[in-house]
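A.B. asks: Pasting the sequence and the predicted model now:
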Number of protein chains: 2
Amino acid sequence: MQIKSPNMSVDLLSRPKCSECPIRHRAVCSRCDADEIEQLEQIKSYKTFAAGDPILWRGDDLTYVASVVKGVATLSKTMEDGRIQMVGLLMPSDFIGRPNRKTIEFDVVAATEVTLCCFQRVPFERLLATVPHVSQRLLEIALDELDAARDWMLLLGRKTAREKIATFVEMMVRRQHVDGLGLDHEPLVLPLTRDEISNYLGLTLETVSRQLNALKKEGVLQFVDRRRFEVIDMAALHAASGDDSDGGVLC
Amino acid sequence: MQIKSPNMSVDLLSRPKCSECPIRHRAVCSRCDADEIEQLEQIKSYKTFAAGDPILWRGDDLTYVASVVKGVATLSKTMEDGRIQMVGLLMPSDFIGRPNRKTIEFDVVAATEVTLCCFQRVPFERLLATVPHVSQRLLEIALDELDAARDWMLLLGRKTAREKIATFVEMMVRRQHVDGLGLDHEPLVLPLTRDEISNYLGLTLETVSRQLNALKKEGVLQFVDRRRFEVIDMAALHAASGDDSDGGVLC
DNA sequence: TCGGGCTTTTGATCTGCATCAAAGTCAGCG
DNA sequence: CGCTGACTTTGATGCAGATCAAAAGCCCGA
């Protein structure tokens, strides 16, 4: 399944179906009737950001809610002294912003070129209040995000550098596979620099580089350039991640 | 404001009001009409667990959703080799379980004696589908939890042991204050053992002990026994937490 | 009151990852 | 092309917190 053409209001609540992973990849929401879609159309617009552009800064007014159509954005927190922790990686079909909150608490930055499908927040909230299945859908999305955040807490608090890297690479494989960004046996992409990966995993960029090269040396991965790679030994990769056998949660 | 007597259905969605902290402490939900309360009454029951009792084990069927009335429970993930990461601390008014999910992905254990207000999941979901403000309320709760989880990710990934401990103690102060568990200038309680705290903070129990004693030696805290303490120097505690000036988020 | 089994403290040592430093690689662009 | 600046790799060293070990304190029941 490919990314939706940017011409459907249901972008906001849809997601490619993935039989493997019940947590983060949800079935397409097709419950909106014609009238509801019409309402969404009227408050909708598309915005594009270049790689590196800030999308929202901590404290900004949330005039829009949005969903990622194309590209990858990062969601992160920064401490006063500059330490950064990424708390989410926003890929196609992920949701940005939230109803009933006027400002955002995190920094959102485009990691690659990003296209967003935006809806004006206030009218969107009205829709929320009148159309019950929309708020139920949003509740599902929020609970999925909560599960993903908690899985990431296990990674940050208890995993070794090697396990963190293996988990991250495995996640890239799964998400790109189901999102249709890379066809089978095409090289996969790391949408982040070593520095950004380190901020996601709670490591330094040097450690990320060393661990990635260690996996290469062991024949688990192969790099075609600094951003593109192939997995040679999926089983070894999974074994290194420290996750339970099925590994279904963190994709 | 004291803990509610266990006689009101609105236990599920209510929470003591706290003017200081908009994130985790929500205003009481009083939108249910008499008929809705009646419906909730019929699917409600109270359950009590002794300290140390497991409440739910990973993979268990979720026959109930519940909210904590009294006591403290922990929510955690365990790796195959025994490493544990606590991903949530459930205190009075916190919600357990979720609609539309048949099993739970985490272990829930009573840290102290715990009283839960339980609702049968399936009928509760029916209520969700028919009464829009309940799902909106649950969405708010889920989004608050998500913010808290993401703040905790910053702690786990980037804070030092000292900052972690200071943040944790500060959180105990705030939550016990607003939940009315301890009156002003009464000793505050650590509802967890050193080992449990270490699992919450991604540390070892020895490091927790050392850092807590360091804060004592510096005159920031004072212990009346191993579980009870007073904060002598709130400003120093906050300064040690590494959080932004107002510190409003992690309470 | 004593004793046994917890939890906690304290000390000594080790190590994984951070930090510091410098060289290497690549993409874009004049 | 070759220069420039950003990203990445690699190496050397240091240290926060883990690990290992043992003593001390505390609760509780006999």
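C.D. replies: Perfect, I can see it now.
A.B. asks: Check the contact between A:Trp152 and B:Arg150; I expect there is one.
C.D. replies: No. Using Cβ atoms under 8 Å, A:Trp152 is not in contact with B:Arg150, being 9.0 Å away. C-beta: built from backbone N, CA, C; applies to glycine.
A.B. asks: Compare the two (neighbour count), which wins?
C.D. replies: A:Trp152 (29 against 24; other Cβ atoms under 10 Å in any protein chain shown).
A.B. asks: What residue, apart from its backbone neighbours, is nearest that one spatially?
C.D. replies: B:Met153 (6.0 Å; Cβ to Cβ, 6 or more residues apart in numbering or on different chains).
A.B. asks: Quick check: buried residues in whichever strand or helix holds the one you found?
C.D. replies: Using DSSP states H and E, B:Met153 sits in helix B:132-158. For helix B:132-158, the neighbour count (16 or more other Cβ atoms under 10 Å in any protein chain shown) marks B:132, B:134-158 as buried.
A.B. asks: what does stretch A:217-228 give?
C.D. replies: A:Val220, A:Leu221.
A.B. asks: Would you mind measuring the gap between the ends of that stretch?
C.D. replies: End-to-end distance of stretch A:217-228: 16 Å, with Cα to Cα, to the nearest Å as the criterion.
A.B. asks: Work out the gap between that stretch and the centre of the chain.
C.D. replies: Taking Cα atoms, centre = their mean, to the nearest Å, one finds the center of stretch A:217-228 at 22 Å from the center of the full chain.
A.B. asks: Against A:Met79, how distant is the residue nearest the centre of chain A?
C.D. replies: Nearest to the mean C-alpha position of chain A, counting by Cα atoms, centre = their mean, stands A:Leu90 at 2.9 Å. Taking Cβ to Cβ, to the nearest Å as the measure, A:Leu90 falls 21 Å from A:Met79.
A.B. asks: ok, now A:Ala34?
C.D. replies: Using Cβ to Cβ, A:Ala34 is found at 48 Å from A:Met79.
A.B. asks: With A:Leu190 instead?
C.D. replies: According to Cβ to Cβ, A:Leu190 and A:Met79 sit 25 Å apart.
A.B. asks: okay, these two: which has more neighbours?
C.D. replies: Shown here are A:Leu190 and A:Met79; by other Cβ under 10 Å, A:Leu190 has more neighbours (19 against 15).
A.B. asks: Please name the nearest non-neighbouring residue to the more buried one.
C.D. replies: Ranked by Cβ to Cβ, 6+ apart and with sequence neighbours excluded, the top spatial neighbour of A:Leu190 is A:Arg227, at 5.2 Å.
A.B. asks: Look up the pLDDT of that neighbour for me, please.
C.D. replies: In this prediction, A:Arg227 carries a pLDDT score of 92.
A.B. asks: Surely it is in contact with A:Val189?
C.D. replies: Yes. If you go by Cβ under 8 Å, A:Arg227 and A:Val189 touch, sitting 5.9 Å apart.
A.B. asks: The residue of the stretch 1-150 of chain A found nearest DNA strand D: what secondary structure?
C.D. replies: In the stretch 1-150 of chain A, the residue that lies nearest DNA strand D is A:Gly52 (7.3 Å; Cβ to the nearest atom of the strand). A:Gly52 falls in the coil class when you classify it by DSSP: H, G, I helix; E, B strand; the rest coil.
A.B. asks: Quick check: which ranges of chain A have low pLDDT?
C.D. replies: The model of chain A has pLDDT under 70 over residues A:1-33, A:178-185, A:245-251.
A.B. asks: so the residue lying farthest from the centre of it is in which element?
C.D. replies: Distance from the centre of chain A peaks at A:Asp35, with 29.9 Å (Cα atoms, centre = their mean). Assessed by DSSP H and E, A:Asp35 sits inside helix A:34-42.
A.B. asks: Run the chain-centre distance for that helix.
C.D. replies: For helix A:34-42, the distance to the chain centre is 26 Å (Cα atoms, centre = their mean).
A.B. asks: Tell me if it is near chain B.
C.D. replies: No. Between helix A:34-42 and chain B, judged by Cβ under 8 Å from any Cβ of the partner chain, nothing touches; the nearest distance is 14.6 Å.
A.B. asks: right, and the helix or strand after that helix?
C.D. replies: Following helix A:34-42 in sequence order, the next helix or strand is strand A:44-49 (DSSP H and E).
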